[in-house]
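**Q** whatever this is, show me its structure:
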Amino acid sequence: MASVQKKMYAPLTPIKVAFIGLGVMGFPMAGHLARAGMHVTVYNRSSEKAQRWQAEFGNHTAATPAAAAHDADIVFFCVGNDDDLREVVAGPEGALHGAKPGTLFVDHTTASAQVERELAERCAEANVGFMDAPISGGQGGAIAGKLSIMCGSTPEQFDYVLPYLEIYGNAIERLGEIGSGQLCKMVNQICVVGVVQGLAEGLAFGERAGLNMEQVLKVIGAGAASSWQMHNRSETMLKREFDFGFAVDWMRKDLGLVLDEAQNNGARLPATTLIEKLYAQVQENGGGRWDNSSLITLLGENPDKTGQ
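**A** Numbers count the residues shown, from 1 in each chain. Have a look, this model is predicted:
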């Protein structure tokens, strides 16, 4: 699969941007910015990946987040968790120490709403804007430039950054002030894992019933049971193939954020609480880096594979 698929970009005046974090999502997202004509400087904790990005897309690499942010108009972040985000934004070599006043920081990390508000306050002291903009759509969506982007920002920040988000996004909404994007992403993850668990149970049940699952999916995929997960993950779930996609480790991290927030706001999440424990079992079975569709592994082997 190409790291960036061909896409028609709306004509924009090139600006200087930095992109911090070149994981499976960040690498193609930064690539789209470069292909759209932006002047891009990237930073990644592993310099080898930054060099590989530069070899494919040209532009520049930097040795620190602060150096990447120097003279940038917008700095994008896409890292692992709250602690990673604090480090690359406000740590000793963080972007905040290199950014000029008036720069806008756009955080695509899936993090807590609390850390977004905390960092927004730190940035405001330096006259630097900060907004949360977590993403959904998986590696495939990042490569195709068709991500969903959930924003927590001022209206002015959103209007300014929207044309640049459209370079790699196709469903982009401002949900409210800082932190609102992360809360929306939590809703997303609650819905995703519920669908994945239901799909896993349905597929495992159909296998045990001796049904032709290709036929089953063809007919139910055209009806009310249809979902993104069904159309993009059912085939690999039936094959028990999980060496791709959004890892169990990351989903469990995200669900930890969800359950912490639910404690704060009083939301009842019985199914999500159970599914988080199921993902813990997948981790214990050695599946931490498997795609999150691997919940089906807890429901027994594929009869076609075992000869049962």
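**Q** CA only for contacts and neighbour counts going forward, please
**A** OK.
**Q** in stretch 35-52, which residues are buried?
**A** 35-36, 38-45, 47, 49-51 (16 or more other Cα atoms under 10 Å).
**Q** for that stretch, output the C-alpha coordinates as PDB.
**A** Extracted as PDB, the C-alpha positions of stretch 35-52 are listed here (Å, rounded to 0.1, in the frame of the first residue of the first chain):
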ATOM      1  CA  ARG A  35       2.100  17.000  -1.600                       C
ATOM      2  CA  ALA A  36      -0.300  19.900  -1.300                       C
ATOM      3  CA  GLY A  37       2.600  22.300  -1.500                       C
ATOM      4  CA  MET A  38       3.100  23.200   2.100                       C
ATOM      5  CA  HIS A  39       6.700  23.900   3.400                       C
ATOM      6  CA  VAL A  40       6.900  21.000   5.900                       C
ATOM      7  CA  THR A  41       9.400  20.300   8.600                       C
ATOM      8  CA  VAL A  42       9.000  17.000  10.500                       C
ATOM      9  CA  TYR A  43      10.200  15.600  13.800                       C
ATOM     10  CA  ASN A  44      10.000  12.000  15.000                       C
ATOM     11  CA  ARG A  45      11.500  10.400  18.000                       C
ATOM     12  CA  SER A  46      13.100   7.800  15.700                       C
ATOM     13  CA  SER A  47      15.200   9.900  13.300                       C
ATOM     14  CA  GLU A  48      15.300   7.000  10.900                       C
ATOM     15  CA  LYS A  49      11.600   7.300  10.200                       C
ATOM     16  CA  ALA A  50      12.000  11.100   9.700                       C
ATOM     17  CA  GLN A  51      14.800  10.500   7.200                       C
ATOM     18  CA  ARG A  52      12.600   7.900   5.400                       C
END
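**Q** hmm, who's touching that stretch?
**A** Here stretch 35-52 makes contact (Cα atoms under 8 Å, 6 or more residues apart in numbering) with 9, 11-12, 14-22, 30, 33-34, 57, 59-65, 68-69, 167.
**Q** and those residues, which are buried?
**A** 9, 16-22, 30, 33-34, 57, 60-62, 64-65, 68-69, 167.
**Q** in helices, which of these appear?
**A** In this view, these that belong to helices under DSSP state H are 30, 33-34, 57, 65, 68-69.
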